[in-house]
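A.B. asks: Okay, predicted coordinates and the sequence, questions at the end:
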Amino acid sequence: INIDGKIYQGDVVVFSDRIFSPWQRKESHYLDMDDLSAIPDLLKEKPEIIIIGTGYSGVMEIDQKVEEFLKLKGIEIIIKKTIDAWKIYNELSKNKKIAALLHLTC
């Protein structure tokens with residue numbers, strides 16, 4: 001993925017002012033609560049929306065507890081294939097505080 005002219009080949013977390021890369025999980029195609037907690041400052045940033053890109057083909061799965069936890073925190077969650085997630089991030093980040101968790105393969 002090309003972000004502001006820099007190419008990233010591994011999974012990334014995009015904040016409004018920085019990129020966290022590489023973003024790794026215990027299981028490459030699965031996102032659970034431990035993986036979410038391991039993202040530096042994710043919840044401290046207080047995003048209104050977290051967009052999760054599940055890969056080119058949408059293979060990455062999201063643990064239901066992740067969705068429930070974010071909703072309890074008052075954070076909207078959008079889960080899409082990464083190409084669609086990136087487009088949504090580009091549009092919504094103009095007016096909202098957003099973080100994007102992007103799985104780039106599969």
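C.D. replies: Ah, there it is.
A.B. asks: Spatially central residue for this structure, please.
C.D. replies: Centroid-nearest residue in the chain, with CA atoms, centre = their mean: Leu101, separated by 1.3 Å.
A.B. asks: shouldn't Ile78 be in contact with Thr54?
C.D. replies: No: taking contacts as CB atoms under 8 Å, Ile78 lies outside contact range of Thr54: 10.8 Å. Any C-beta I mention is one placed from the backbone N, CA and C, and that applies to glycine too.
A.B. asks: Mind picking out the helix or strand in the protein with the poorest mean pLDDT?
C.D. replies: strand 2-3 (a mean of 90; mean pLDDT, DSSP states H and E).
A.B. asks: circling back: give the bridge partners for the residue nearest to the centre of the chain, please.
C.D. replies: Val13, Ile52 (DSSP bridges).
A.B. asks: where do the contact lists of Ile78 and Thr54 overlap?
C.D. replies: Counting by CB atoms under 8 Å, 6 or more residues apart in numbering, the shared contacts of Ile78 and Thr54 are Ala85.
A.B. asks: so which helix or strand takes in Lys65?
C.D. replies: Secondary structure from DSSP states H and E places Lys65 in helix 64-72.
A.B. asks: could you point out which element follows that helix?
C.D. replies: Immediately after helix 64-72, counting by DSSP H and E, sits strand 76-80.
A.B. asks: Okay, buried residues for the longest helix anywhere in the chain please.
C.D. replies: In the chain, taking DSSP state H as the definition, the longest helix is helix 82-92. The neighbour-count check on helix 82-92 (16 or more other CB atoms under 10 Å) flags Thr82, Ala85, Trp86, Ile88, Tyr89, Leu92 as buried.
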